[in-house]
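Visitor: mind folding the following:
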Amino acid sequence: MICNLNHLSFQSYGTIESERVLAKDLLDKAAENRVMALSGEACRVYRCAREIWVRNHENMTVLSVSLDGETYQHFYLDKVICIKPGVYFSLRPYQDASSVELAGEQMPEEVTTDHSANNYRMKRNIAVNSIYTFFYHEKEKGFIFPGEAHKPLELTYVDNGAIHSVADGMDVLLNQGDLVIYAPNQWHMQYADEDVSASYITISFDLDGVCPESLFNRKFSIPQSAVPMLQRLLWEHDQVDSYSEDMMICYLQILLLTLLREQTSPTQVKLRTTNAVNSENEIIRRAQQFISTHVRDKLTVPVVARHVDVSPSYLTALFRKNLQISPGEYIRRVKLQESKQMIREDNMNFTEIAAVLQYSTVHHFSRQFKDKFGITPTEYAKSVR
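Guide: Numbers count the residues shown, from 1 in each chain. Reported below is the predicted structural model:
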């Protein structure tokens, strides 16, 4: 980063001439004068044998100085300076090209060439590039989202209630105020307990720069300092003006940076496991994905177990241990959730929906639907059409 050129910051390397002194008069008295054109290519590094005066001549110039030729400090050259003997220095245009004037009893000696492409501007480590979706979900008790994987990152924040977040086969309960971020192409699903409803935000977005691994697969108990960012995100989402989307991107970036700063807090649970547990989670993840993508097929526990190369009893044990639900009940809930989507699409009657989802009869389908959601398919259809 470029420092401000003042007497205190520059005292190790030389002096700054008084602004009351005319630079032209000062430099004209020197034995040698030279105007040096600078480009953005490799710049020369000099070492002073005698005092050397330098001033900017045209456009913006960066002065880099060092006592040992290794560690440099960078200054914006906006004053006339005098560099001490023995100091290493180089001059580089801030952008495309510039020029400087050098004066002294003896011109400095060139000692090397610096080929490094220094960027003196502040730069971001990460940057939110785009927001694709921003949804506020209000879900009924016992909802289930069968799961998906996609290239954009996804943030989920629980505003009210609680939801289960399942990623890579691990089930983590997110309570009000908790947040999780799914990595690119990470398969994940969400559901609520039978007696719990939930409201939560999901945001899918792109992130430029190196995405720190510590940002993903971690349950954050959101710090108080980040709450205003979420409030502003919601507020901007409801605005209709030329800058609301820009503001949302900025607030999301500040939120992520706040989380990164707070990530070492002991209240956060990192979703990382041992190799043995990771193996179990991979089996569960593959089973969930198979169920999600084959929801309209005839699914049984043996069919799913065969697909993931384990026995039905072992698959059942894994589901109960990690998800607190049997694979048979999980299949039933995913199918019923799919039936709600099919009813909303209004392309089939109930008999056709029951047949597509492999129910033995429409009565069996209707009974399970009412047991799960508390209303009949007919009542649900009236509420959404």
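Visitor: gap between F145 and N322?
Guide: Distance from F145 to N322, counting by CB to CB, to the nearest Å: 17 Å. For every residue, glycine as well, the C-beta is placed using N, CA and C.
Visitor: one more: E105?
Guide: 79 Å.
Visitor: which one of those two has more residues nearby?
Guide: N322 (17 against 11; other CB atoms under 10 Å).
Visitor: could you look up the next helix or strand downstream of the helix or strand that contains that one?
Guide: In the assignment (DSSP states H and E), N322 maps to helix 312-323. The helix or strand immediately downstream of helix 312-323 is helix 327-345, counting by DSSP H and E.
Visitor: report the buried residues of that next one.
Guide: Within helix 327-345, the residues that count as buried by 16 or more other CB atoms under 10 Å are 327, 330-340, 342-343.
Visitor: show me the helices in the stretch 151-300 of the chain, by range?
Guide: Using DSSP state H, counting those that start in this stretch, the helices of the stretch 151-300 of the chain run over 227-237, 244-262, 275-293.
Visitor: export these to TSV and append columns for mean pLDDT.
Guide: What follows is the helices of the stretch 151-300 of the chain, written out as TSV (pLDDT from 0 to 100):
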stretch	mean pLDDT
helix 227-237	85
helix 244-262	89
helix 275-293	79
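Visitor: want to try CSV for those, with distance to Y380 and mean neighbour count as columns?
Guide: As requested, these are exported to CSV (distance: least, CB to CB, whole Å; neighbours: other CB atoms under 10 Å):
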stretch, distance to Y380, mean neighbour count
helix 227-237, 28, 17
helix 244-262, 33, 18
helix 275-293, 21, 17
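Visitor: out of those, nearest to W187?
Guide: Closest of the helices of the stretch 151-300 of the chain to W187 is helix 275-293, at 5.6 Å (criterion: CB to CB).
Visitor: mind giving me the packing neighbours of that closest one?
Guide: Applying 3 or more CB pairs under 8 Å, 6 or more residues apart in numbering; DSSP states H and E, we find helix 275-293 packed against strand 144-148, strand 170-175, helix 301-307, helix 312-323, helix 327-345.
Visitor: mean confidence for the helix or strand Y132 falls within?
Guide: Using DSSP H and E, Y132 falls within strand 126-139. The average pLDDT within strand 126-139 is 91.
Visitor: the helix holding N322: which residues count as buried?
Guide: Within helix 312-323, the residues that qualify as buried are P312, L315, T316, L318, F319, N322, L323, counting by 16+ other CB under 10 Å.
Visitor: follow-up on the earlier one: Y191 is nearest to which of the helices of the stretch 151-300 of the chain?
Guide: Per CB to CB, nearest to Y191 of the helices of the stretch 151-300 of the chain: helix 275-293, 10.6 Å.
Visitor: what are the contacting residues of that closest one?
Guide: 146-149, 166, 168-170, 187, 189, 273, 299, 304-305, 307-308, 310, 315, 318-319, 321-323, 327, 330-331, 334 (CB atoms under 8 Å, 6 or more residues apart in numbering).
Visitor: swap the cut-off to 6 Å and go again
Guide: 146-147, 168-170, 187, 189, 304, 307-308, 318, 322, 331, 334 (CB atoms under 6 Å, 6 or more residues apart in numbering).
Visitor: just those residues now: which is nearest Y13?
Guide: Closest to Y13 out of the contacts of helix 275-293 is D168 (54.0 Å), distances taken as CB to CB.
Visitor: contacting residues for that closest one?
Guide: Counted by CB under 6 Å, 6+ apart, D168 has contacts N281, R285.
Visitor: switch to 7 Å and redo it
Guide: Q186, N281, R285 (CB atoms under 7 Å, 6 or more residues apart in numbering).
Visitor: the first one and G147 touch, don't they?
Guide: No: using CB atoms under 7 Å, Q186 and G147 do not qualify as a contacting pair, with a distance of 10.5 Å.
Visitor: neighbours around V128, how many?
Guide: By other CB under 10 Å, 23 other residues sit near V128.
Visitor: picking up where we left off before, closest to H74 out of the helices of the stretch 151-300 of the chain?
Guide: helix 244-262 (24.7 Å).
Visitor: what packs against that closest one?
Guide: On a contact count with 3 or more CB pairs under 7 Å, 6 or more residues apart in numbering; DSSP states H and E, helix 244-262 meets strand 126-139, helix 227-237.
Visitor: is it possible to export those to CSV including distance to T361?
Guide: Compiled in CSV, those are given as follows (distance: least, CB to CB, whole Å):
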stretch, distance to T361
strand 126-139, 29
helix 227-237, 44
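Visitor: what's the closest of those to T258?
Guide: helix 227-237 (6.7 Å).
Visitor: pull the CA atoms of that closest one into CSV?
Guide: Extracted C-alpha coordinates of helix 227-237, given in CSV (Å, rounded to 0.1, in the frame of the first residue of the first chain):
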residue,chain,number,x,y,z
VAL,A,227,-27.1,-8.8,12.1
PRO,A,228,-27.4,-5.3,10.6
MET,A,229,-26.1,-6.6,7.3
LEU,A,230,-28.9,-9.1,7.1
GLN,A,231,-31.5,-6.5,8.0
ARG,A,232,-30.1,-4.2,5.3
LEU,A,233,-30.1,-7.1,2.8
LEU,A,234,-33.8,-7.7,3.5
TRP,A,235,-34.6,-4.0,3.3
GLU,A,236,-32.8,-3.5,0.0
HIS,A,237,-34.4,-6.6,-1.4
